[in-house]
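[1] Mind looking at a prediction? Sequence and model below.
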Amino acid sequence: MIELVRTNDLVLIDFLESLLHADGIPVLVADGHMGALEGSIGAFQRRLLVPEDWARRARQVVTEAGLAAELRDE
């Protein structure tokens, strides 16, 4: 799995997850429950992961949505 995005922004994670699912890209949101447990201090960021063979397409979809700045470095 490749980490595409790491953030505390729940709206961004949900949007990107929906966007990638709509394009048929398998997505895993890691640390979602951990982030909910710790409250709002931001200690545990949620991570958006995709399988390695889908990473290039996923990056393209996120970039086309105007959110390239949110992507982690390759």
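    Okay, I see it.
[2] And the strands in this structure, which stretches?
    Under the criterion DSSP state E, strands of the chain are mapped to 2-7, 28-30, 46-50.
[3] Specify the stretch among those that is closest to Leu19.
    Each of the strands of the chain has some distance to Leu19 by CB to CB; the shortest is strand 46-50, at 10.2 Å. C-betas here are computed from N, CA, C, even on glycine.
[4] Run me through the strand neighbours of the closest one, direction for each.
    Next to strand 46-50 in the sheet, as set by DSSP bridges, lie strand 2-7 (antiparallel), strand 28-30 (antiparallel).
[5] can you pull the contacts of the residue nearest the centre of the chain?
    Nearest residue to the geometric centre of the chain (CA atoms, centre = their mean): Leu48, 2.7 Å. By CB atoms under 8 Å, 6 or more residues apart in numbering, Leu48 lies in contact with 3-6, 13, 16-17, 20, 27-30.
[6] 7 Å instead, please
    4-5, 13, 16-17, 27, 29 (CB atoms under 7 Å, 6 or more residues apart in numbering).
[7] do the same with Arg6
    45, 47, 72.
[8] hmm, back to that, wait, which of the strands of the chain is closest to Leu67?
    Closest approach to Leu67 among those (CB to CB): strand 2-7, 8.3 Å.
[9] For Lys14, report the pLDDT, please.
    One thing to correct before we go on: residue 14 is Asp, not Lys. In this model, Asp14 is scored at 94, pLDDT.
[10] How about the one 4 residues further on?
    The pLDDT attached to Ser18 in the predicted structure is 97.
[11] neighbours around it, how many?
    Neighbourhood size, Ser18 [other CB atoms under 10 Å]: 11.
[12] now Arg72
    13.
[13] show me the contacts for it.
    3-6.
[14] From those residues, list just the buried residues.
    Those of the contacts of Arg72 that meet the buried threshold are 4-6, by 16 or more other CB atoms under 10 Å.
[15] Can you tell me which member of the residues you listed has the lowest pLDDT score?
    Arg6 (94).
[16] who's that residue bridged to?
    Arg47.
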